[in-house]
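*Asks:* the following comprises the amino acid sequence and a computationally predicted model.
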Amino acid sequence: MVTKRIGLSITTKQVATKISNLAQKLAAILAEQLGYKPDFFERDCSATNCYLRLNRYPACPISPEVFGLMPHTDSDFLTILHQDQIGGLQLLKDGRWISVKPNPEALIINIGDLFQAWSNNIYKSVEHRVVANKNMERFSTAYFFCPSYETMIQSCFENSVYREFSFGEFREQVQEDVKTHGYKIGLPRFII
Ligand SMILES: O=C(O)CCC(=O)C(=O)O
Ligand SMILES: [Fe+2]
(Lines give C-alpha, C1' and ligand atoms only; values in the text may rest on other atoms or scores of the structure.)
(Ligands and ions follow the chains in the order given, each with its own letter.)
Protein backbone atom coordinates (compact mmCIF):
# COMPACT_ATOMS: atom_id res chain seq x y z
CA MET A 1 0.00 0.00 0.00
CA VAL A 2 1.24 3.53 -0.81
CA THR A 3 -0.14 6.66 0.84
CA LYS A 4 0.16 9.94 -1.08
CA ARG A 5 -0.38 13.29 0.54
CA ILE A 6 0.74 16.72 -0.64
CA GLY A 7 3.56 15.32 -2.73
CA LEU A 8 4.66 12.95 0.04
CA SER A 9 4.82 9.27 -0.84
CA ILE A 10 5.42 6.66 1.82
CA THR A 11 4.93 2.87 1.82
CA THR A 12 3.20 0.86 4.56
CA LYS A 13 6.56 -0.78 5.32
CA GLN A 14 8.18 2.63 5.87
CA VAL A 15 5.29 3.64 8.13
CA ALA A 16 5.65 0.40 10.14
CA THR A 17 9.43 0.91 10.48
CA LYS A 18 9.01 4.48 11.73
CA ILE A 19 6.28 3.50 14.21
CA SER A 20 8.36 0.53 15.35
CA ASN A 21 11.30 2.83 16.12
CA LEU A 22 9.01 5.17 18.02
CA ALA A 23 7.55 2.26 20.03
CA GLN A 24 11.07 1.13 21.01
CA LYS A 25 11.94 4.68 22.14
CA LEU A 26 8.76 5.00 24.20
CA ALA A 27 9.30 1.59 25.82
CA ALA A 28 12.89 2.64 26.63
CA ILE A 29 11.63 5.81 28.36
CA LEU A 30 9.00 3.88 30.33
CA ALA A 31 11.60 1.27 31.40
CA GLU A 32 14.09 3.98 32.45
CA GLN A 33 11.42 5.76 34.50
CA LEU A 34 11.19 2.63 36.65
CA GLY A 35 14.96 2.28 36.99
CA TYR A 36 15.58 -0.24 34.19
CA LYS A 37 18.03 -0.06 31.30
CA PRO A 38 16.55 1.64 28.21
CA ASP A 39 17.20 -1.48 26.08
CA PHE A 40 15.21 -3.71 28.47
CA PHE A 41 12.46 -4.48 25.89
CA GLU A 42 14.59 -4.45 22.73
CA ARG A 43 15.24 -8.19 22.55
CA ASP A 44 11.76 -9.46 23.51
CA CYS A 45 9.83 -6.95 21.40
CA SER A 46 11.57 -7.20 18.05
CA ALA A 47 9.63 -5.89 15.04
CA THR A 48 8.68 -9.44 14.00
CA ASN A 49 6.50 -9.83 17.13
CA CYS A 50 4.72 -6.51 16.68
CA TYR A 51 1.93 -5.83 14.21
CA LEU A 52 0.03 -3.07 12.49
CA ARG A 53 -3.79 -3.27 12.24
CA LEU A 54 -5.81 -1.16 9.85
CA ASN A 55 -9.33 -0.57 11.21
CA ARG A 56 -12.37 0.47 9.15
CA TYR A 57 -15.61 1.41 10.90
CA PRO A 58 -18.57 1.66 8.49
CA ALA A 59 -21.20 4.35 9.18
CA CYS A 60 -23.94 3.02 11.46
CA PRO A 61 -27.41 4.65 11.49
CA ILE A 62 -28.25 3.26 14.95
CA SER A 63 -25.07 4.59 16.60
CA PRO A 64 -24.37 5.10 19.54
CA GLU A 65 -26.20 1.90 20.55
CA VAL A 66 -23.74 -0.01 18.38
CA PHE A 67 -20.01 0.04 19.12
CA GLY A 68 -17.46 0.06 16.33
CA LEU A 69 -15.20 -1.65 18.86
CA MET A 70 -16.36 -3.04 22.22
CA PRO A 71 -14.80 -1.67 25.44
CA HIS A 72 -11.42 -3.37 25.92
CA THR A 73 -7.82 -2.96 27.00
CA ASP A 74 -5.00 -3.83 24.60
CA SER A 75 -3.11 -7.10 25.26
CA ASP A 76 0.34 -5.65 24.48
CA PHE A 77 2.98 -3.42 26.08
CA LEU A 78 1.83 -0.30 24.28
CA THR A 79 -0.21 0.75 21.28
CA ILE A 80 0.49 3.62 18.89
CA LEU A 81 -2.72 4.77 17.30
CA HIS A 82 -3.45 7.07 14.39
CA GLN A 83 -7.03 8.11 13.67
CA ASP A 84 -8.66 10.19 10.97
CA GLN A 85 -10.80 13.30 11.54
CA ILE A 86 -14.12 11.50 12.22
CA GLY A 87 -13.79 10.73 15.94
CA GLY A 88 -15.49 8.05 18.02
CA LEU A 89 -12.63 6.83 20.23
CA GLN A 90 -13.47 7.06 23.94
CA LEU A 91 -11.39 6.37 27.07
CA LEU A 92 -12.68 5.32 30.47
CA LYS A 93 -11.48 7.78 33.13
CA ASP A 94 -12.73 7.77 36.73
CA GLY A 95 -15.73 5.70 35.66
CA ARG A 96 -16.74 8.06 32.82
CA TRP A 97 -16.27 7.68 29.06
CA ILE A 98 -14.26 10.61 27.66
CA SER A 99 -14.22 11.30 23.90
CA VAL A 100 -10.76 11.70 22.39
CA LYS A 101 -10.68 14.76 20.12
CA PRO A 102 -9.79 13.46 16.64
CA ASN A 103 -6.52 14.89 15.31
CA PRO A 104 -4.98 13.23 12.23
CA GLU A 105 -1.76 15.19 12.91
CA ALA A 106 -1.25 13.45 16.26
CA LEU A 107 -0.54 9.94 17.51
CA ILE A 108 -2.24 8.45 20.56
CA ILE A 109 -0.16 6.23 22.84
CA ASN A 110 -2.02 3.67 24.95
CA ILE A 111 -0.42 1.65 27.71
CA GLY A 112 -1.37 -2.03 27.34
CA ASP A 113 -1.91 -4.89 29.80
CA LEU A 114 1.71 -6.09 29.73
CA PHE A 115 3.13 -2.75 30.89
CA GLN A 116 0.53 -2.68 33.65
CA ALA A 117 1.60 -6.17 34.83
CA TRP A 118 5.33 -5.47 34.44
CA SER A 119 5.11 -2.14 36.32
CA ASN A 120 2.95 -3.71 39.05
CA ASN A 121 0.05 -1.32 38.30
CA ILE A 122 2.16 1.88 38.13
CA TYR A 123 1.36 2.19 34.43
CA LYS A 124 -2.34 1.60 33.75
CA SER A 125 -3.75 -0.17 30.72
CA VAL A 126 -6.48 2.19 29.57
CA GLU A 127 -9.96 0.85 28.80
CA HIS A 128 -11.24 2.24 25.51
CA ARG A 129 -13.97 1.72 22.90
CA VAL A 130 -15.06 3.12 19.55
CA VAL A 131 -18.54 4.52 19.00
CA ALA A 132 -19.62 4.27 15.36
CA ASN A 133 -20.51 7.42 13.44
CA LYS A 134 -24.10 7.71 12.11
CA ASN A 135 -23.14 9.07 8.69
CA MET A 136 -19.45 8.63 7.96
CA GLU A 137 -17.03 5.72 7.90
CA ARG A 138 -13.90 6.02 10.01
CA PHE A 139 -10.36 4.66 9.65
CA SER A 140 -7.62 4.15 12.20
CA THR A 141 -4.23 2.44 12.28
CA ALA A 142 -2.99 0.71 15.42
CA TYR A 143 0.56 -0.56 16.01
CA PHE A 144 0.78 -3.17 18.77
CA PHE A 145 4.14 -3.39 20.55
CA CYS A 146 4.33 -7.04 21.65
CA PRO A 147 6.94 -9.53 22.87
CA SER A 148 7.32 -13.11 21.55
CA TYR A 149 4.81 -15.64 22.92
CA GLU A 150 7.52 -17.29 25.08
CA THR A 151 8.39 -14.05 26.87
CA MET A 152 7.65 -14.25 30.60
CA ILE A 153 5.90 -11.23 32.08
CA GLN A 154 6.89 -10.63 35.65
CA SER A 155 6.52 -7.58 37.89
CA CYS A 156 9.65 -5.44 38.09
CA PHE A 157 8.90 -4.86 41.80
CA GLU A 158 8.52 -7.13 44.82
CA ASN A 159 5.04 -7.95 46.21
CA SER A 160 3.78 -8.56 42.73
CA VAL A 161 0.04 -8.02 42.16
CA TYR A 162 0.03 -10.57 39.31
CA ARG A 163 1.54 -14.01 39.02
CA GLU A 164 4.17 -14.55 36.35
CA PHE A 165 2.77 -15.56 32.96
CA SER A 166 3.99 -15.94 29.41
CA PHE A 167 2.56 -13.68 26.72
CA GLY A 168 1.37 -16.84 24.90
CA GLU A 169 -0.54 -17.97 28.02
CA PHE A 170 -2.10 -14.52 28.36
CA ARG A 171 -3.27 -14.52 24.73
CA GLU A 172 -4.73 -18.03 25.06
CA GLN A 173 -6.61 -17.09 28.24
CA VAL A 174 -8.04 -13.98 26.56
CA GLN A 175 -9.22 -16.03 23.57
CA GLU A 176 -10.76 -18.69 25.84
CA ASP A 177 -12.61 -16.06 27.93
CA VAL A 178 -13.95 -14.33 24.84
CA LYS A 179 -15.21 -17.69 23.54
CA THR A 180 -16.74 -18.75 26.88
CA HIS A 181 -18.02 -15.46 28.33
CA GLY A 182 -18.24 -13.23 25.27
CA TYR A 183 -15.72 -10.73 26.66
CA LYS A 184 -12.09 -10.43 27.70
CA ILE A 185 -11.29 -10.71 31.42
CA GLY A 186 -7.59 -9.94 31.02
CA LEU A 187 -5.26 -9.10 33.91
CA PRO A 188 -7.73 -9.77 36.80
CA ARG A 189 -7.35 -13.48 35.88
CA PHE A 190 -3.69 -13.31 36.91
CA ILE A 191 -4.02 -11.53 40.29
CA ILE A 192 -2.27 -13.51 43.06
O1 LIG B 1 -9.89 2.79 16.16
C2 LIG B 1 -9.51 3.23 17.24
O3 LIG B 1 -9.48 4.43 17.52
C4 LIG B 1 -9.11 2.25 18.34
C5 LIG B 1 -8.57 0.95 17.83
C6 LIG B 1 -8.29 0.00 18.95
O7 LIG B 1 -8.54 0.25 20.09
C8 LIG B 1 -7.67 -1.30 18.64
O9 LIG B 1 -7.46 -1.62 17.46
O10 LIG B 1 -7.38 -2.05 19.63
FE1 LIG C 1 -7.59 -1.08 21.48
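*Replies:* Sure, I can see it. Ligands and ions are numbered 1, 2, ... in the order given.

*Asks:* just the element for Leu91, please.
*Replies:* According to DSSP states H and E, Leu91 maps onto strand 89-93.

*Asks:* ok, and does that strand reach over to ligand 1?
*Replies:* Yes - Strand 89-93 lies within reach of ligand 1 by Cβ under 6 Å from any ligand atom, at Leu89. For glycine as for every other residue, the C-beta is placed from the backbone atoms N, C-alpha and C.

*Asks:* for beta bridges, what are the partners of the most centrally placed residue in the chain?
*Replies:* The structure's the chain has its C-alpha centroid closest to Thr79; by Cα atoms, centre = their mean the separation is 3.3 Å. On the basis of DSSP bridges, Thr79 is bridged to Asn110, Phe144.

*Asks:* how near is Tyr57 to Ala27?
*Replies:* Tyr57 sits 28 Å away from Ala27, taking Cβ to Cβ, to the nearest Å as the criterion.

*Asks:* ligand 1 contacts on this protein?
*Replies:* Contact residues, the chain versus ligand 1 (Cβ under 6 Å from any ligand atom): Arg53, Asn55, Leu69, Asp74, Leu81, Gln83, Leu89, His128, Val130, Ser140, Ala142.

*Asks:* alright, calling it a day.
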